[in-house]
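Trainee: Test case, fold it:
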Amino acid sequence: MDDLKPVIAKNITDLRKAADMTQAQLAEKLNYSDKAVSKWERGDAIPSVITLKEVADLFGVTVDYLLTEEHTAEKEIKREFTKRQRRNHLIISLLSTMTVWLAATIIYVSISLSTLFGLPEAWLAFAFAVPASCIILLIFNSIWGKVKRNFVIITIFLWSLLISLCLTFFFVSGESHIWLLLAVGIPLQIMILLWSGLKQKKKVK
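Mentor: Take a look at the predicted model:
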């Protein structure tokens, strides 16, 4: 068993680096602490069989791969797979986001051409497309991306939504004091920053 420690350690390290992940990011995906991952990569400890399976599934390899010392060809295949996977994730996210802008364009054109409901402020459809896009990106980033990036997306969503609401109320009512609504974003932004500083409880092994 001790002979497997350096083999497993090297394989986990190589796979993590090939995926351009930090120890903390790998730990987060496995719901472990970064200290546990550090122990695995130093060869001080071996993950449980269940965790080895989770690691193998995460990187798209077999458990046998993690227990084998020589597999240069498979590493190249894995790197290529990871690049292709990231590219596919990006394309899917962008396509989904573009559906929001397509909907905004259809709404804009429909309102602009309508003799009954035609309004000069039809362009506000594009303003609301920004926070709507943030929701789409937040969903996909939660599935495939880095957790820290979620807080950036949430911040953009917050301010774009507030600005869109202010613009709408301003053009509808003409009241300039509606811009005070932006003040609501200040405590919310502070809450987002504090939330991003929270550390989730992880298993230590």
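Trainee: Name the nearest residue to L15, ignoring sequence neighbours.
Mentor: Closest residue to L15 in three dimensions, ignoring its sequence neighbours and counting by CB to CB, 6 or more residues apart in numbering: F59, at 4.4 Å. C-beta: built from backbone N, CA, C; applies to glycine.
Trainee: burial measure for the one you found, as a count.
Mentor: As a burial measure, F59 scores 21 neighbours (other CB atoms under 10 Å).
Trainee: Quick check, central residue of this protein?
Mentor: N141 (2.2 Å; CA atoms, centre = their mean).
Trainee: tell me which residues of the helix or strand containing that residue are tucked away?
Mentor: Applying DSSP states H and E as the criterion places N141 in helix 124-144. Using 16 or more other CB atoms under 10 Å as the test for burial, helix 124-144 gives 124-125, 127-134, 136-138, 140-141.
Trainee: For the chain, just list every one of the helices.
Mentor: For the chain, the helices defined by DSSP state H occupy 4-18, 23-30, 34-42, 49-59, 63-67, 72-113, 124-144, 147-173, 185-196.
Trainee: Domain parsing of this structure, as residue ranges.
Mentor: Annotated domains of the chain cover 4-70, 89-196 [automatic domain parsing].
Trainee: can you put these in JSON lines and add distance to T82?
Mentor: Output for these, formatted as JSON lines (distance: least, CB to CB, whole Å):
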{"stretch": "domain 4-70", "distance to T82": "5"}
{"stretch": "domain 89-196", "distance to T82": "11"}
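Trainee: Is it possible to get a markdown table of those domains that adds mean pLDDT?
Mentor: Conversion of these to a markdown table gives the following (pLDDT from 0 to 100):
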| stretch | mean pLDDT |
| --- | --- |
| domain 4-70 | 88 |
| domain 89-196 | 87 |
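Trainee: Not counting sequence-adjacent ones, nearest residue to A24?
Mentor: Nearest to A24 is D34, by CB to CB, 6+ apart, at 4.4 Å.
Trainee: thinking that neighbour is in contact with A27, fair?
Mentor: Yes. Counting by CB atoms under 8 Å, A27 is a contact partner of D34 at 4.4 Å.
Trainee: burial count for V109?
Mentor: For V109, using other CB under 10 Å, the count is 12.
Trainee: on that earlier part again, D34 and A27 - which one has more neighbours?
Mentor: Set side by side, D34 and A27 show more neighbours around A27, with 21 against 16, by other CB under 10 Å.
Trainee: Now do the contacts for the residue nearest to A24.
Mentor: Counting by CB atoms under 8 Å, 6 or more residues apart in numbering, D34 touches T22, Q23, A24, A27.
Trainee: W159 too?
Mentor: W159 touches L182, G185, Q189, counting by CB under 8 Å, 6+ apart.
Trainee: closest to A18 among those residues?
Mentor: Closest approach between the contacts of W159 and A18, by CB to CB: Q189, at 36.3 Å.
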